[in-house]
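A.B. asks: I'll drop the sequence and a predicted model, then ask my questions.
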Amino acid sequence: MEIDKLEEFISKVPDFPKPGILFYDMSTLICDSKAFDAAIGHLEEKIKGYNINKIAAIDARGFIFGAALAIKMNLGLIMIRKKNKTPGNPISFEYELEYGKDCLEVNPKLCDANNFALIDDVLATGGTANAAINLLRKAGGKVSCFATLVELKFLSGCEKIDIPFKTLIEY
């Protein structure tokens, strides 16, 4: 399935989760095995030249695409979690949002000396992606590329990313 056909499987939901927000719902895409498999295949093509040995995925929808991609590429998966969701002694990275602060965590024992492709479902403002990149670096990892299914280009999130960025669909 060609990349442009994948867009048909993404629903646009106005005023969700709050008024004025247009939500891009990928539930229909992941529910269709052919579309989901095609999306994962296209993501693999985008990142395969970066000599990565692990996939890192951002909580929560990034886990869906990251896990499928890790299996397809026969790589391990590191989960970048929201605050207080990582057991043991995680390290954290706090970052600014429009409406306050947020925090991401990761188990540093899983990161050291690995070369990651960072995966998420959507790139919007770039704040979470930038925080995840910095968190992986803080934990001793290298992040060679960042890939998403969708980029909301009008929000200019890729300007905050200092590594190669790949996406399948731009809005």
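C.D. replies: Noted; the coordinates are in hand.
A.B. asks: quick check, residue 167 in a helix?
C.D. replies: No - looking at residue 167 with DSSP: H, G, I helix; E, B strand; the rest coil, it is strand, so not inside a helix.
A.B. asks: what's around it, how many residues?
C.D. replies: By the criterion of other CB atoms under 10 Å, residue 167 has 21 neighbours. Using the backbone N, CA and C atoms, a C-beta is placed for each residue, glycine as well.
A.B. asks: Would you give the sheet partners of the host helix or strand of residue 12, along with the direction of each?
C.D. replies: Following DSSP states H and E, one finds residue 12 within strand 11-14. Take DSSP bridges as the rule and strand 11-14 pairs in its sheet with strand 22-25 (antiparallel).
A.B. asks: what residues does the strand it pairs with touch?
C.D. replies: Around strand 22-25, the neighbours that count as contacts under CB atoms under 8 Å, 6 or more residues apart in numbering are 10, 11, 12, 13, 14, 16, 17, 122, 150, 152, 171.
A.B. asks: can you check stretch 92-102 too?
C.D. replies: 82-83, 103-105, 125, 127-128, 130-132, 134-135, 138.
A.B. asks: The same query, at a cut-off of 6 Å, please.
C.D. replies: Here stretch 92-102 makes contact (CB atoms under 6 Å, 6 or more residues apart in numbering) with 103, 104, 105, 127, 131, 134, 135.
A.B. asks: Show me the strands in the protein, by range?
C.D. replies: 11-14, 22-25, 54-58, 76-82, 91-97, 100-106, 115-123, 142-151, 165-170 (DSSP state E).
A.B. asks: right, and residue 42 touches residue 168 too?
C.D. replies: Yes - contact criterion CB atoms under 6 Å: residue 42 and residue 168 qualify, at 5.3 Å.
A.B. asks: who touches both of those two?
C.D. replies: Residues touching both residue 42 and residue 168 comprise residue 3, with contact defined as CB under 6 Å, 6+ apart.
A.B. asks: And the contacts of strand 22-25, which two are furthest apart?
C.D. replies: 17 and 171 (17.4 Å; CB to CB).
A.B. asks: what about the residue of the chain positioned farthest from its centre, distance to residue 36?
C.D. replies: In terms of distance from the mean C-alpha position of the chain, residue 19 ranks first, at 24.6 Å (CA atoms, centre = their mean). Using CB to CB, to the nearest Å, we find residue 19 at a distance of 30 Å from residue 36.
A.B. asks: now residue 85
C.D. replies: From residue 85 to residue 36 the distance is 25 Å (CB to CB).
A.B. asks: out of the two, which sits in the busier spot?
C.D. replies: For residue 85 versus residue 36, the count of surrounding residues by other CB under 10 Å is larger for residue 36: 20 against 13.
A.B. asks: Good, we can wrap up now.
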